[in-house]
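Undergrad: Quick one: sequence and predicted model below, then my questions.
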4 protein chains.
Amino acid sequence: DLPLVLIAGPCQMESRAHALEVAGALKAMAAEAGVPLIFKTSFDKANRTSLSGRRGVGLTEALPVFAEIRETLGLPVLTDVHEPAQCAPVAEVVDVLQIPAFLCRQTDLLLAAGATGAAVNVKKGQFLAPWDVAHGVAKVESTGNARIILTERGVSFGYNTLVTDMRALPIMARETGCPVVMDATHAVQQPGGLGGASGGERAFAPVLARAAVAVGVAGVFLETHPDPDRAPSDGATMMALKDMPALIGTLKAFDALAKRHPVML
Amino acid sequence: DLPLVLIAGPCQMESRAHALEVAGALKAMAAEAGVPLIFKTSFDKANRTSLSGRRGVGLTEALPVFAEIRETLGLPVLTDVHEPAQCAPVAEVVDVLQIPAFLCRQTDLLLAAGATGAAVNVKKGQFLAPWDVAHGVAKVESTGNARIILTERGVSFGYNTLVTDMRALPIMARETGCPVVMDATHAVQQPGGLGGASGGERAFAPVLARAAVAVGVAGVFLETHPDPDRAPSDGATMMALKDMPALIGTLKAFDALAKRHPVML
Amino acid sequence: DLPLVLIAGPCQMESRAHALEVAGALKAMAAEAGVPLIFKTSFDKANRTSLSGRRGVGLTEALPVFAEIRETLGLPVLTDVHEPAQCAPVAEVVDVLQIPAFLCRQTDLLLAAGATGAAVNVKKGQFLAPWDVAHGVAKVESTGNARIILTERGVSFGYNTLVTDMRALPIMARETGCPVVMDATHAVQQPGGLGGASGGERAFAPVLARAAVAVGVAGVFLETHPDPDRAPSDGATMMALKDMPALIGTLKAFDALAKRHPVML
Amino acid sequence: DLPLVLIAGPCQMESRAHALEVAGALKAMAAEAGVPLIFKTSFDKANRTSLSGRRGVGLTEALPVFAEIRETLGLPVLTDVHEPAQCAPVAEVVDVLQIPAFLCRQTDLLLAAGATGAAVNVKKGQFLAPWDVAHGVAKVESTGNARIILTERGVSFGYNTLVTDMRALPIMARETGCPVVMDATHAVQQPGGLGGASGGERAFAPVLARAAVAVGVAGVFLETHPDPDRAPSDGATMMALKDMPALIGTLKAFDALAKRHPVML
């Protein structure tokens, strides 16, 4: 199996300068660790818990920044799309279109994303069983696009709580043949846990990341920020940028061991 | 409190003739029982489990049928919308725009629906705590539209299973002041339970409906079909049309009792 | 179907005087409402969250009080047992032996309870599916004792939370033929929710009770206390004794309606 | 931190010969891998799903076998107790008394186990939040016995399903300071999943075991049998004895890595 890929970046694009700064820092960290990096950031947080939550710079402002990050830093870029009409323009400047978890069954969005020919990362809905992701994969594949990634980000467990079922990782791989990614920072969210915003416990993101890597995943998804506690979204769960190098190193070591001892289902 | 309202109809609009037939039959049943009726049907099932599931006649074909039902039968009509751009044209021919449960946090959709001035029925996501619906209500209200309905349709409970928490009904009412509706047929779904389609147990829809009515809801939502086992979607959960009169009568009796003994939180 | 039975009393026997006072008050309330009453209280809370929680007066002190309540008030009495050896002596002074939910799969306890010939009330474990209660019933029945009651008291739903699935009530009745009781005060517990004790929300007990009665149960179980906020256990969930008459009256009205319209599975 | 300990053996003691055979085989495997071993087997399955399930040889027959395994093989032995009166005699011939998950809140059992002075392994109930195990620990500690182990074995997740929350492992360690063990074979049970018996998916036990070891546990608990599909209990989840050496080797490698990179909460 291929070595672990890191998908990382700040939850939302706060500004051109901010995105470039974080992307540059992550590039250096990933190069130092010898881990392939895909830079992630969102141009629009379309499903904030409450209306007053900041949503990001928006599609128009973000497109040239995505292009700039690709060109100047040479990093592949991932971002999420929310409506079918966004897929084509966004696919011109990013490498991976991401389907948000709440939208993972919206047929038109999956078809539009697939039709761009870009890689498509489908996040498993918080309400979905791992064996049911195959239906979403089939929707994307119907467009002739087989470059599909699946991402686990926790499943509903009572109110305002998610749990990550480690069995889901090999099940999704077995059912679809797609590379499976663990989104360790969203999986520690407490949806609605802060009243008007999602809370969460950042300290557990490395716990879930290393467990998932030990099971054997293609990649780990981690949101990170220079100053998470002041971030406009997902501050409770993002990793501090300064803590990333140690975490990346640990995950790389676990990945090497896991890939030598693959899980057999 | 006002007497119970019934929201009912077939899961999807299969044809003009089919929609008119079911609407006409329901109108007669509701009139006989003395229960106000809102006719519900979907022009597009945008989140079918699998790609091969039939999606309905589509927006263009459905709009004149909605108008015809309103005009010729005099029934208020409810249908669901999936993208912001659908809200305005749909609102011209229906009375209630419904936000699907998976989309209940999509800010742009809530804002577009609210901006039409039509009543908006927000279904509570399968991943949402009842106290968190207030944030979605605030999004709609920000458009100046206070005609908001909230609908319970079950919450994720392990894999491929939903459970209905009866406490959620008075909690949603208390937190928002909105009328609360129990969607008893979707709440008995088993998402993905049939492999490529949602399964469910129709027999429990009356169980959940009468429990909810006893707690005191503003309305009950029931999908119904002349021949559910041959319906193109949600066949496992829709009530047979012929069984509706008895159920409506029972619910009306429970509602009268519940409204005389309101729950106090 | 037979009219609703009420099982009620304080969580634990605090003293002879306290038990007699509450039993007498409940007897008068039940007589006034025309509802059959079984008096419930525990001689030992054997599974308190923490060691410092008060456990009740104990077996030796409680036995004559149970006998006295039966004799002087003429009420049938129910109490819970925790070890096989307790069953025989307790069965001499009470009418119903109750198997606590955590212990509902302990074979020896079920057999010992069954062997007494007393009625046995098996509480469904917080970890049990409704169709799985049949195995516990079979254990009791193997002793030749067919006087078995099943009680729903909520099922685990994430951490520190229970949810009541109203479908469980008719499922348990269908699978076993036993009378099914709704324990509405334990079902609103938040296990461990107060740190060293179970919390809960008393206000929802009537919500669950009336929903269950509307579905059609044989009985409702309600813990009640003259001053719940000062009770040594389950204070957050017990009903105030002064609020019982109104609740009993409401439940009786719903029961009459439900028994005229039985749920058919 | 200390290296990983393995707790392993057949679900139930089927006979003296069977227990000695499996214990001997496991001793050789553990020695070969350089992993400390505690032999586990049950003298009584006191909470079988159904009455017809075989329960084991019983206390009287088992006690000398436990003694013989300790003496002739030099292995520490663990077994579970179900009633307070069993604790003292069992503690004379085993090293670790185990409190079954369903019984983890039974105060008298915890006190009796603690009072023996033997180590006590408290399994976390399927209904318990990880932060709530501290109360059970305090009960045991009140006897002056601080030799306490905590074991995760999955938490209720809908009906007939368990899920393992990897966050629970470091939480239990942080809240109590006790060594934490992952029971990987019970955690893949499907309680009641076979109708009259618990089902499960053996293939996922190594998945959960390696994830837990990567997070950093003191031990792993694995039930194993020479021929699981013919075992009288838990056959669906026990590992085949022949597959143990490879699994032990993999877990040892992950443990070495995890102990070099401890999780910090």
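TA: Structure's in. What do you need?

Undergrad: how about the nearest residue to A:Glu190, chain neighbours excluded?
TA: Heads up, residue A:190 is Gln, not Glu. A:Gly199 (4.2 Å; CB to CB, 6 or more residues apart in numbering or on different chains). Using the backbone N, CA and C atoms, a C-beta is placed for each residue, glycine as well.

Undergrad: what's the neighbour count on the one you found?
TA: 18 (other CB atoms under 10 Å in any protein chain shown).

Undergrad: Isn't it up against A:Ala236?
TA: Yes - the pair formed by A:Gly199 and A:Ala236 meets the contact definition of CB atoms under 8 Å, at 4.8 Å.

Undergrad: list the residues that contact both of these two?
TA: Common neighbours of A:Gly199 and A:Ala236, counting by CB atoms under 8 Å, 6 or more residues apart in numbering or on different chains, are A:Gln189, A:Gln190, A:Gly193.

Undergrad: need the residues you listed in CSV with pLDDT, can you?
TA: Formatted as CSV, the shared contacts of A:Gly199 and A:Ala236 follow (pLDDT from 0 to 100):
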residue, pLDDT
A:Gln189, 95
A:Gln190, 93
A:Gly193, 75
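
Undergrad: Relative to chain B, which of those residues is nearest.
TA: Proximity of the shared contacts of A:Gly199 and A:Ala236 to chain B (CB to the nearest CB) peaks at A:Gly193, which lies at 9.3 Å.

Undergrad: The closest one: neighbour count?
TA: 18.

Undergrad: A:Gly192 now?
TA: A:Gly192 has 24 nearby residues by other CB under 10 Å.

Undergrad: in chain A, which spans are strands?
TA: A:5-9, A:37-40, A:77-80, A:96-99, A:119-123, A:148-152, A:155-156, A:162-163, A:180-183, A:189-190, A:199-200, A:219-225, A:239-240 (DSSP state E).

Undergrad: any idea which of these scores lowest on pLDDT?
TA: The minimum mean pLDDT among those belongs to strand A:199-200 (a mean of 87).

Undergrad: So what does the residue in the stretch 1-150 of chain A that chain D sits nearest to have for phi and psi?
TA: Residue of the stretch 1-150 of chain A nearest chain D, by CB to the nearest CB: A:Ala129 (9.9 Å). Torsion angles at A:Ala129 (phi, psi; degrees, to the nearest 10) stand at phi -80, psi 150.

Undergrad: doesn't B:Asn160 make contact with it?
TA: Yes - assessed by CB under 8 Å, A:Ala129 is found in contact with B:Asn160 at 5.2 Å.

Undergrad: what residues are shared contacts of those two?
TA: B:Pro191, B:Gly192.

Undergrad: roughly how far apart are the residue of the stretch 51-200 of chain A found nearest chain C and D:Met172?
TA: Residue of the stretch 51-200 of chain A nearest chain C, by CB to the nearest CB: A:Gly158 (1.5 Å). Going from A:Gly158 to D:Met172 by CB to CB, to the nearest Å gives 19 Å.

Undergrad: Report whether stretch A:99-114 contacts chain B.
TA: Yes - Stretch A:99-114 is in contact with chain B by CB under 8 Å from any CB of the partner chain, via A:Phe102, A:Leu103, A:Arg105, A:Gln106, A:Thr107, A:Asp108.

Undergrad: typo on my end, it should be stretch A:164-182
TA: No - residues of stretch A:164-182 are not located near chain B by CB under 8 Å from any CB, the shortest gap being 8.6 Å.

Undergrad: anything in that stretch near chain D?
TA: Yes - residues of stretch A:164-182 contacting chain D under CB under 8 Å from any CB: A:Thr164, A:Asp165, A:Met166, A:Arg167, A:Leu169, A:Pro170.

Undergrad: First-to-last residue distance for that stretch?
TA: 9 Å (CA to CA, to the nearest Å).

Undergrad: other SSEs contacting the one helix or strand in chain A whose mean pLDDT sits lowest?
TA: Scoring the helices and strands of chain A by mean pLDDT, DSSP states H and E places strand A:199-200 at the bottom, with a mean of 87. Using 3 or more CB pairs under 8 Å, 6 or more residues apart in numbering or on different chains; DSSP states H and E, the elements in contact with strand A:199-200 are strand A:189-190.

Undergrad: Residues contacting the strand it packs on, please?
TA: Counting by CB under 8 Å, 6+ apart, A:Gly154, A:Asn160, A:Thr161, A:Leu162, A:Ser198, A:Gly199, A:Gly200, A:Glu201, A:Asp234, A:Ala236, A:Thr237 sit against strand A:189-190.

Undergrad: quick check, nearest of those residues to B:Val217?
TA: Closest approach between the contacts of strand A:189-190 and B:Val217, by CB to CB: A:Asn160, at 23.5 Å.

Undergrad: how near is that closest one to D:Val133?
TA: From A:Asn160 to D:Val133 the distance is 21 Å (CB to CB).

Undergrad: And A:Ala211, by the same measure?
TA: 20 Å.

Undergrad: One more: A:Pro89?
TA: In terms of CB to CB, A:Pro89 sits 52 Å off from D:Val133.

Undergrad: Same drill for the two, tell me which one is more crowded.
TA: Neighbours were counted for A:Pro89 and for D:Val133 using other CB under 10 Å; D:Val133 has more, 27 against 13.

Undergrad: residues touching that one, list them.
TA: D:Cys104, D:Val122, D:Lys124, D:Leu150, D:Met172, D:Glu175, D:Thr176.

Undergrad: One more pass at 6 Å, please.
TA: D:Lys124, D:Leu150, D:Met172 (CB atoms under 6 Å, 6 or more residues apart in numbering or on different chains).

Undergrad: Under the pLDDT cut-off, which ranges of the stretch 1-150 of chain A? List them.
TA: Judged against pLDDT under 70, the stretch 1-150 of chain A has no low-scoring part.

Undergrad: That one: helices as residue ranges?
TA: Secondary structure of the stretch 1-150 of chain A (DSSP state H, counting those that start in this stretch): helices at A:16-33, A:59-68, A:84-91, A:107-115, A:133-141.

Undergrad: relative to helix A:59-68, how tilted is the longest one?
TA: This means helix A:16-33. Relative orientation of helix A:16-33 versus helix A:59-68 (axes from the mean of the first three to the mean of the last three CA atoms, to 10 degrees): 30 degrees.

Undergrad: List the strands paired with the least confident helix or strand of chain A, with their directions.
TA: Here strand A:199-200 has these sheet partners by DSSP bridges: strand A:189-190 (antiparallel).

Undergrad: Close to chain B: what parts of chain A are there?
TA: Proximity of chain A to chain B, by CB under 6 Å from any CB of the partner chain, involves residues A:46-47, A:49-51, A:83, A:102, A:105-107, A:126-127, A:129, A:132, A:135, A:138-139, A:142, A:156, A:159-160, A:192.

Undergrad: who touches the least confident helix or strand of chain A?
TA: Under CB under 6 Å, 6+ apart, the answer for strand A:199-200 is A:Val188, A:Gln189, A:Gln190, A:Gly193, A:Ala236, A:Thr237.

Undergrad: How about stretch A:164-178, which residues are buried there?
TA: A:164-173, A:175-176, A:178 (16 or more other CB atoms under 10 Å in any protein chain shown).

Undergrad: That one: end-to-end distance?
TA: 19 Å.

Undergrad: Now A:Ala129: closest residue in space that isn't a chain neighbour?
TA: B:Tyr159 (3.8 Å).

Undergrad: neighbours around A:Gly56, how many?
TA: 23.

Undergrad: excluding its backbone neighbours, what's nearest it?
TA: A:Gln12 (4.0 Å).

Undergrad: and if you look at A:Ala253?
TA: D:Leu257 (5.9 Å).

Undergrad: Tell me the bridge partners for the residue positioned nearest the centre of chain A.
TA: The structure's chain A has its C-alpha centroid closest to A:Phe221; by CA atoms, centre = their mean the separation is 4.7 Å. In this entry, A:Phe221 is beta-bridged to A:Ile7, A:Asp183, by DSSP bridges.

Undergrad: How much space separates it from B:Ser198?
TA: Taking CB to CB, one finds A:Phe221 at 28 Å from B:Ser198.
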